[in-house]
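> below are the sequence and a predicted model for it; my questions follow.
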Amino acid sequence: MDGKESTRSENKIEARPQKKSVHPALRWLMLGLLVFGLGALLITFAFLVPTRQKLDKANATVTGDTAQITTLLASNATLQKNLGATTLHMDVLEALSGARGASLAVATGDNAGAQLSLTQTSQALDALSPLLGADHKDVLTAMQKSAAQALIDVKTDLKSAQPELDQLTKNLAQLEVDLFANP
């Protein structure tokens, strides 16, 4: 019996199909790749997606802020232009006021008042120089010479300055109309 049983068990072993087993190293490699892939997915969903959402939100904020800055820059440019025009107008009016004040001082015989008013007029005309365009430079130069001549006339003979002051006042009034007349 032992011989028959031994033969039967050998036949049974041979009769059974043998499974092809995966090499253990390959099995560990596949398990490692699976764990690595799951880790990559976890990192993507845990860190990358929220970071991307924050980046998109930051980009939207930057776009909104850029639009606001553009609006503010345009507003600033308009305000700067208005400030320049207001400063120019103020200087023209200051020169005109000085010329009229000098004329009044000459009419009342106030030599010191006439000199002070003409000095203020000259300073206002000097302040106008960088603000006026090239088309008004000749007129400004003529008015500066007129103010200087009126100051000389006031120092020598007070009443002789009146025609120069009248012309200066007329030129300054015309400059104001030319620059700031409302259509």
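That came in fine, so what should we check first?
> do you know how far the residue most central in space within the chain is from residue 46?
With distances taken as CA atoms, centre = their mean, the residue of the chain nearest its centroid is residue 73 (4.3 Å). Per CB to CB, to the nearest Å, residue 73 is found 41 Å from residue 46. Any C-beta I mention is one placed from the backbone N, CA and C, and that applies to glycine too.
> can you check residue 64 too?
Residue 64 sits 29 Å away from residue 46, going by CB to CB.
> so what's the closest residue to residue 127 other than its chain neighbours up against?
Spatially, and ignoring its direct neighbours in sequence, residue 127 is nearest to residue 91 (4.7 Å; CB to CB, 6 or more residues apart in numbering). Residue 91 sits next to 124, 127-128, 131 when contact means CB atoms under 8 Å, 6 or more residues apart in numbering.
> so where is the chain shaky, pLDDT-wise?
1-22, 183 (pLDDT under 70).
> please repeat the previous calculation with a cut-off of 90.
Filtered on pLDDT under 90, the chain yields the residue ranges 1-31, 38-56, 58, 84-85, 128-140, 155, 157-159, 178-183.
> and the helices in it?
In the chain, the segments counted as helices under DSSP state H are 2-15, 24-43, 49-108, 111-128, 137-156, 162-180.
> of the ones you listed, which stretch is the most buried?
Of all these, helix 111-128 carries the top mean neighbour count, a mean of 19, counting by mean count of other CB atoms under 10 Å.
> tell me which other helices or strands it touches.
Using 3 or more CB pairs under 8 Å, 6 or more residues apart in numbering; DSSP states H and E, the elements in contact with helix 111-128 are helix 49-108, helix 137-156.
> now those helices as TSV including distance to residue 171?
Output for the helices and strands packed on helix 111-128, formatted as TSV (distance: least, CB to CB, whole Å):
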stretch	distance to residue 171
helix 49-108	9
helix 137-156	5
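> residue 164 is nearest to which of the ones you listed?
helix 137-156 (4.1 Å; CB to CB).
> and that closest one, what does it pack onto?
Counting by 3+ CB pairs under 8 Å, 6+ apart, the packing neighbours recorded for helix 137-156 are helix 49-108, helix 111-128, helix 162-180.
> can I get those in TSV with distance to residue 136?
Below are those laid out as TSV (distance: least, CB to CB, whole Å):
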stretch	distance to residue 136
helix 49-108	10
helix 111-128	8
helix 162-180	7
